[in-house]
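Student: no sequence on hand, only this structure:
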């Protein structure tokens with residue numbers, strides 16, 4: 001896979017993770033599942049938040065490292081020119 005394809009996939013995971021975090025928070029804050037399902041509703045909301053964090057944080061770290069590498073390569077090319 002090319003770097004552009006990897007970056008596109010990682011950005012998709014970041015967006016999906018943020019959406020899951022927002023969904024979990026709205027389920028907890030809005031008392032949609034907490035009142036009707038009790039502890040199981042809270043567990044479902046917490047699971048949404050946990051999966052969202054798992055999707056978003058590692059991909060952000062990898063993208064940051066990848067973009068720093070690309071920037072250092074461009075800086076090295078500019079110094080050679």
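Tutor: It's in. A quick note: this is a predicted structure, and the numbers were derived from the prediction, not measured. Numbers count the residues shown, from 1 in each chain.

Student: which helix of this protein spans the most residues?
Tutor: In the chain, assigned by DSSP state H, the helix with the most residues is helix 39-80.

Student: mean confidence for it?
Tutor: Averaged over helix 39-80, pLDDT sits at 88.

Student: phi and psi next, for residue 38.
Tutor: phi 70, psi -130 (degrees, to the nearest 10).

Student: and it, how many neighbours?
Tutor: When neighbours are defined as other C-beta atoms under 10 Å, residue 38 has 10 of them. Every C-beta, even on glycine, is put in place using the N, C-alpha and C of the backbone.

Student: state the distance from it to residue 53.
Tutor: 24 Å (C-beta to C-beta, to the nearest Å).

Student: residue 3 and residue 55: what is the separation?
Tutor: 20 Å.

Student: make that residue 18, sorry
Tutor: From residue 18 to residue 55 the distance is 8 Å (C-beta to C-beta).

Student: which of the two has more residues huddled nearby?
Tutor: residue 55 (21 against 14).

Student: the more buried one contacts residue 11, correct?
Tutor: No - under the criterion of C-beta atoms under 8 Å, residue 55 is not in contact with residue 11, lying 11.4 Å apart.

Student: let me see the contact set for residue 20.
Tutor: Contact analysis of residue 20 by C-beta atoms under 8 Å, 6 or more residues apart in numbering lists 48-49, 51-52, 55.

Student: let's have these in CSV, adding distance to residue 32.
Tutor: Below are these laid out as CSV (distance: C-beta to C-beta, whole Å):
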residue, distance to residue 32
48, 12
49, 14
51, 18
52, 17
55, 22
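
Student: give me the residue at the spatial middle of the protein.
Tutor: residue 56 (1.6 Å; C-alpha atoms, centre = their mean).
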